[in-house]
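Undergrad: Structure for the following, please:
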Amino acid sequence: MQENTNRSKPIADELLIDDDTPAAALEGSRVRTLLLLLGLVLVGLNLRPALSSLAPVLGMVSRDTGLTPTLAGLLTTLPVACLGLFGPLAPHLARRLGSEKTIALVLMVLAAGVVLRTVFGTFGLFAGSALAGAAIGVIGVLLPGIVKRDFASRAGLMTGVYTMALCLGAALAAGFTVPVAEHFGHDWRPALALWALPAVLALAVWWPQLNTRHAAAQGQWQVRGLLRDPLAWQVTLFMGLQSSLAYIVFGWLPSILIDRGLTPMQGGLMLSLSTMVQVPASLLVPMLAHRCRNQRPPIVATLLMVISGLLGMLYAPTDSLVLWAVLLGFGQGGLFSTALSLLAHRSPDQHVAAHLSGMAQGIGYMLASLGPFAVGLIRSHSHATWPLALLFSLIAAAAFSVGMMAGRKRLVGVKAEPI
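TA: Modelled structure (predicted):
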């Protein structure tokens, strides 16, 4: 009976489950929870616009700054590489400052990086992209821990909300950057600088969390031998390879479609549509995968959707690209959620899962950054589609190979030990 009652409550009420709390305290708790919930959503909304806003106007940026295709590829690669480089610093910053203060500080860095891309020419472009990527990497590592700490009984619900916010932010930036640029006389600078405003808004809503105190962590744990474990490397490589395909789409899909005759606005809208479709996929695929004995079936199904969608973007008639964008987005949303689920399914406990997540994100994102850079190298020598098709197919084949090993129902052979 209690379960059915809870299902009828709003999300905010579900997160406040102590019925014996006095009315005044309950009201204060409800306000704090709503502020934290809104803060998490707004922070999550900021984790992709710095990446997806550049792609639709990359042609304008390259024309005005004189970037070669190789340098443009490096520009799309740099923030992804910074995700892997700076993400591992997040736990150290959180121990010194606390997670809430670290996120507030990094939101400032993110806003500064987004604006810096629009000033000081080429130097500002690269320096701002690096700052934005570093900030996103740190926040991306800290948010799941806050969800587990403050919404332990509703972690699945909050993870879904967080994923939806992430995809929504990416889609909005992909869809609105070109219209804003056209509004300002085809000037890409205000269109890119615009995406500092969501970071400022998130900071304002997040600010009350700086006054919240939390109990110290119950001890510290160490995990040894993860880098020598074959299964850990299989999970890491799968995370990196599927992320490589994702960041190729974020960085280059509009440019590829513009070469096929679409306008910059149409290319941005295709990226926006594909990203929006990831929202239901990231929720639906894990539900269906739960019925499987292991994660191999969803890996196969979603990878087939992704490579089919990518090849469709290259070769399908332009009047059918909407269907291929939907297929691509659904596949990538499901593939990403499946990769995240492997971190838990392959770990014997939460401490090992945390270390495996750090390994998969740190090394995986560094690997993922090579994909957009490779596209830039290819486009610097030729605008033919077959080299891109070959690259996409090779990455997908490698992801399939390691995915079949990572998807087996096994656990990494390491244990967490208290320090």
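
Undergrad: Which residues outside stretch 223-238 are in contact with it?
TA: Outside stretch 223-238, the residues within contact range by CB atoms under 8 Å, 6 or more residues apart in numbering are 299, 339, 342-343, 346, 351-352, 355-356, 359-360, 363-364, 367, 398-399, 402-403, 405-406, 410-417. All C-beta spots, glycine's among them, are computed from the backbone N, C-alpha and C.

Undergrad: Could you tell me how far it lies from the centre of the chain?
TA: From the chain centre to the centre of stretch 223-238 is a distance of 21 Å (CA atoms, centre = their mean, to the nearest Å).

Undergrad: tell me the mean pLDDT over that stretch?
TA: The predicted model assigns stretch 223-238 a mean pLDDT of 91.

Undergrad: What separates the first and last residues of it, distance-wise?
TA: 21 Å (CA to CA, to the nearest Å).

Undergrad: Where do the helices of the stretch 51-200 of the chain begin and end?
TA: Read by DSSP state H, counting those that start in this stretch, the stretch 51-200 of the chain holds these helices, from start to end of the chain: 58-65, 69-86, 90-97, 99-116, 121-150, 155-183, 188-193, 197-206.

Undergrad: Out of the ones you listed, the one nearest H381 is which?
TA: When the helices of the stretch 51-200 of the chain are compared for distance to H381 using CB to CB, the nearest one is helix 69-86, at 8.2 Å.

Undergrad: Give me the helices and strands touching the closest one, please.
TA: With contacts taken as 3 or more CB pairs under 8 Å, 6 or more residues apart in numbering; DSSP states H and E, helix 69-86 sits against helix 49-52, helix 58-65, helix 121-150, helix 230-259, helix 350-368, helix 370-381.

Undergrad: how about a cut-off of 10 Å?
TA: Using 3 or more CB pairs under 10 Å, 6 or more residues apart in numbering; DSSP states H and E as the contact criterion, the secondary-structure elements in contact with helix 69-86 are helix 49-52, helix 58-65, helix 99-116, helix 121-150, helix 230-259, helix 350-368, helix 370-381.

Undergrad: Tell me which residues of the third one come out buried.
TA: By neighbour count, and taking 16 or more other CB atoms under 10 Å as the criterion, the buried residues in helix 99-116 are 99-100, 102-104, 106-107, 109-111, 113-116.

Undergrad: Any quick PyMOL command for the buried ones out of the contacts of stretch 223-238?
TA: Here is the PyMOL command that selects only those of these that count as buried (16+ other CB under 10 Å):
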select buried, resi 299+339+342+343+346+351+352+355+356+359+360+363+364+367+399+402+403+405+406+412+414+416
